[in-house]
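**Student:** structure of the sequence below:
(2 chains)
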Amino acid sequence: MTVSLSLAPRPDPMLPEPLRIHRVKRETPGVFTFEFDVSARGGFPFLPGQFNMLYPFGAGESAISISGDPAEPDRLVHTIRAVGTVTRVLERLGRGDVVGVRGPFGRAWPIHEAEGKDLVVIAGGIGLAPLRPVVYHALRHRASFGRVVLLYGTRTPDDLLYRKEVEQWRGKLDVEVEVTVDAAGKDWRGNTGVVTKLIGRAGFDPTNTLAMLCGPEVMMRFCARELERLGVPLAQTWVTMERNMRCGAGLCGHCQFGPSFVCKDGPVYRYTEVERLLSVREV
Amino acid sequence: MLDAHVEFLSGCAQNVRLAGGKFLFREGQRADALYLIRSGKIALESHDGARGTLVVETVGAGDALGWSTLFPPYRWGLDARAVEPAFLFAIDGPCLRSKLDADHSFGYEFTRRLLNEVHTRLQRARLQTLDVYRAGP
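**Tutor:** You can find the predicted model right below:
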């Protein structure tokens, strides 16, 4: 396919911008990362927690969080799990292929609200991808936060995302990083058990903490309850929601979640904004 | 817990050091102690002929291990293996049970803590059972 790559900014949020894949990294089975070199277009600024609509031509669009470093806008990075029609098509693409990109969309993580507080980041499975920009930011602005804690749970040791990077973070003296897996064989020397168990062991002041959670909704609910049990007010816990997003601009209504549109009013919400809706079926 | 209760408990306790890789107990053996982990990491495991050894959970500093010593038939339900060297307090099972029966004030305090631990473990077990990270359809 021949596609002309326009370098001009696209003011129309409904118009995909063709971007060429610069690098592909296979992370874990079914999970891969695309890196687009966007230096020629002047970078791709975004805020941690925002997402783009990715469009493998002819296959439809999918909302994918941006998982790169916000301080490096010349690299647009997306980590994707091949789980649906569109993402399975994306999985077959490689370096040099072109993807339509619209964005960035959505409300970002409240990083500045966390300044001066302990920051607790809890990720489950692929949920580490939308939180990685937060970790990059926190490490880059370490003095702005109290204690910084990353708790990461996933299914098995083979499913650990960004493994080398997580190991590097864990080696830092001013960040607490704990990893656990739900199931393992005897060769695994790390923690086994659900991510909620790590919360009680972590060192943070519940009365001065802001928590950011991303993962399956059930996991986030259990984590929010555990944080509350330890004294973190639910209003200080933030989550990111996943819904069927189409337009990305709050126009089409596909991602309506109660009174809000996830693409525009979310995907990041204060837990108290969505708590009631999380327990309602067929929202 | 009152100082007297702690003293009461310590009368039944002794220090245990477990080298990495060694088993604290094996499934089916008689459960003769309740362990309080001071440091280290212990894997609770089960073995399946087809799938090999499966780690159910790891426990570490601050965790209690060995509730089977409180209830008949006093047999371990899992293997416990030190993933890394561990230091523990071992509270003798029969001694503990007799003190729980002898002092109901102590028994109540102990049972309240036990229930809290069982509650949080049950919550964790439920979440684990849901297998929330499994890829969708």
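**Student:** which stretches of chain B have low pLDDT?
**Tutor:** Counting by pLDDT under 70, the low-confidence segments of chain B come to B:136-137.
**Student:** ranges for the helices of it?
**Tutor:** Using DSSP state H, the helices found in chain B span residues B:3-10, B:93-102, B:104-130.
**Student:** likewise for the stretch 101-250 of chain A?
**Tutor:** Under the criterion DSSP state H, counting those that start in this stretch, helices of the stretch 101-250 of chain A are mapped to A:111-114, A:128-140, A:163-170, A:196-201, A:217-230.
**Student:** other SSEs contacting the fourth one?
**Tutor:** Translated: helix A:196-201. strand A:148-154, strand A:176-181, helix A:217-230, helix B:104-130 (3 or more CB pairs under 8 Å, 6 or more residues apart in numbering or on different chains; DSSP states H and E). (Each C-beta comes from the backbone N, C-alpha and C, glycine too.)
**Student:** distance to residue A:116 added to these, as a markdown table?
**Tutor:** Formatted as a markdown table, the helices and strands packed on helix A:196-201 follow (distance: least, CB to CB, whole Å):
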| stretch | distance to residue A:116 |
| --- | --- |
| strand A:148-154 | 12 |
| strand A:176-181 | 18 |
| helix A:217-230 | 19 |
| helix B:104-130 | 30 |
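**Student:** make CSV out of the helices of the stretch 101-250 of chain A and add mean pLDDT and mean neighbour count.
**Tutor:** Formatted as CSV, the helices of the stretch 101-250 of chain A follow (pLDDT from 0 to 100; neighbours: other CB atoms under 10 Å in any protein chain shown):
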stretch, mean pLDDT, mean neighbour count
helix A:111-114, 96, 17
helix A:128-140, 98, 23
helix A:163-170, 97, 14
helix A:196-201, 94, 21
helix A:217-230, 94, 20
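**Student:** need the ones you listed in TSV with distance to residue A:56, can you?
**Tutor:** Converted to TSV, the helices of the stretch 101-250 of chain A look like this (distance: least, CB to CB, whole Å):
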stretch	distance to residue A:56
helix A:111-114	31
helix A:128-140	18
helix A:163-170	26
helix A:196-201	36
helix A:217-230	27
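**Student:** my guess is residue B:80 contacts residue B:43, does it?
**Tutor:** Yes: in this structure, residue B:80 is within contact of residue B:43 by CB atoms under 8 Å, at 7.3 Å.
**Student:** look at the two and report which has more neighbours.
**Tutor:** A count of neighbours by other CB atoms under 10 Å in any protein chain shown puts residue B:43 above the other of residue B:80 and residue B:43, at 27 against 21.
**Student:** so who does the more buried one touch?
**Tutor:** A:186, A:192, B:55, B:57-58, B:80-83 (CB atoms under 8 Å, 6 or more residues apart in numbering or on different chains).
**Student:** what residues does chain B have near chain A?
**Tutor:** B:41, B:43, B:45, B:52-58, B:60, B:62, B:81, B:83-84, B:120, B:123-124, B:127-128, B:130-136 (CB under 8 Å from any CB of the partner chain).
**Student:** and the residues you listed, which are buried?
**Tutor:** Buried members of those, counted by 16 or more other CB atoms under 10 Å in any protein chain shown: B:41, B:43, B:45, B:54-58, B:60, B:81, B:83-84, B:123-124, B:127-128, B:132-133.
**Student:** re earlier: would you list the helices of chain B in CSV and tack on distance to residue A:242?
**Tutor:** Below are the helices of chain B laid out as CSV (distance: least, CB to CB, whole Å):
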stretch, distance to residue A:242
helix B:3-10, 48
helix B:93-102, 48
helix B:104-130, 17
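**Student:** how big is the angle separating the longest strand belonging to chain B from helix B:104-130?
**Tutor:** Using DSSP state E, we find that the single longest strand of chain B is strand B:33-48. Interaxial angle of strand B:33-48 relative to helix B:104-130 (axes from the mean of the first three to the mean of the last three CA atoms, to 10 degrees): 20 degrees.
**Student:** who does strand B:33-48 pair up with?
**Tutor:** Paired with strand B:33-48 in the same sheet, following DSSP bridges, are strand B:52-60 (antiparallel), strand B:64-65 (antiparallel), strand B:79-92 (antiparallel).
**Student:** identify whichever of those lies nearest to residue A:230.
**Tutor:** Closest of the strands paired with strand B:33-48 to residue A:230 is strand B:52-60, at 17.3 Å (criterion: CB to CB).
**Student:** nearest to residue A:28, of the contacts of residue B:43?
**Tutor:** Nearest to residue A:28 among these, with distances taken as CB to CB, is residue A:192, at 17.7 Å.
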